[in-house]
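Enquirer: how does the following fold in three dimensions:
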Amino acid sequence: EGYEAQIRPRSGLSIKKGLSLVNSPGTIDSDYRGEIGVIMINLSKEVQTIEPSERIAQMVIAQYEQANFIEVVELSESERGAGGFGSTGS
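Expert: Now for the predicted structure:
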């Protein structure tokens, strides 16, 4: 409880073979007990082969906090406002 595993791609795999993970980072909940798999995408123009025992991903164990939300009728104003992408600087 309070921890998760994150599955992330290895940078060398992308640089050397043009392969990456589709769902990155992938989250594995603390109560999951099954086999772990990854979904890969080939961004190169060539067929790629993953050899047995080749390292394709890395797992990071991270602590997280569960947020408690408070329902409000209207949000207060902020300095940023509704500014989206690129609105916090140049």
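
Enquirer: any buried residues in the helix-or-strand element of the chain with minimal mean pLDDT, and which?
Expert: Lowest by mean pLDDT, DSSP states H and E among the helices and strands of the chain is helix 11-17, with a mean of 90. Within helix 11-17, the residues that count as buried by 16 or more other C-beta atoms under 10 Å are 13, 17. For glycine as for every other residue, the C-beta is placed from the backbone atoms N, C-alpha and C.

Enquirer: and what of stretch 57-75?
Expert: residue 57.

Enquirer: contacting residues around that stretch?
Expert: 2-10, 21, 25, 28, 36, 38 (C-beta atoms under 8 Å, 6 or more residues apart in numbering).

Enquirer: what distance separates the start and the end of it?
Expert: Using C-alpha to C-alpha, to the nearest Å, one end of stretch 57-75 lies 40 Å from the other.

Enquirer: chain center to it, what's the gap?
Expert: Here the centre of stretch 57-75 is set off from its chain's centre by 14 Å, with C-alpha atoms, centre = their mean, to the nearest Å.

Enquirer: contacts only, for the nearest residue to residue 22 once chain neighbours are set aside.
Expert: Closest residue to residue 22 apart from its sequence neighbours, by C-beta to C-beta, 6 or more residues apart in numbering: residue 39 at 4.3 Å. Taking C-beta under 8 Å, 6+ apart, we find residue 39 in contact with 21-23.

Enquirer: who wins on neighbours among those?
Expert: Comparing the contacts of residue 39 on neighbour count, residue 21 comes out first with 19 neighbours (neighbours: other C-beta atoms under 10 Å).

Enquirer: for it, give its distance to residue 29.
Expert: As defined by C-beta to C-beta, to the nearest Å, residue 21 lies at a distance of 18 Å from residue 29.

Enquirer: three-state assignment of the spatially most distant residue from the centre of the chain?
Expert: Of all residues in the chain, residue 73 sits farthest from the chain's C-alpha centroid, using C-alpha atoms, centre = their mean; the distance is 32.2 Å. Of the three states, residue 73 takes coil under DSSP: H, G, I helix; E, B strand; the rest coil.
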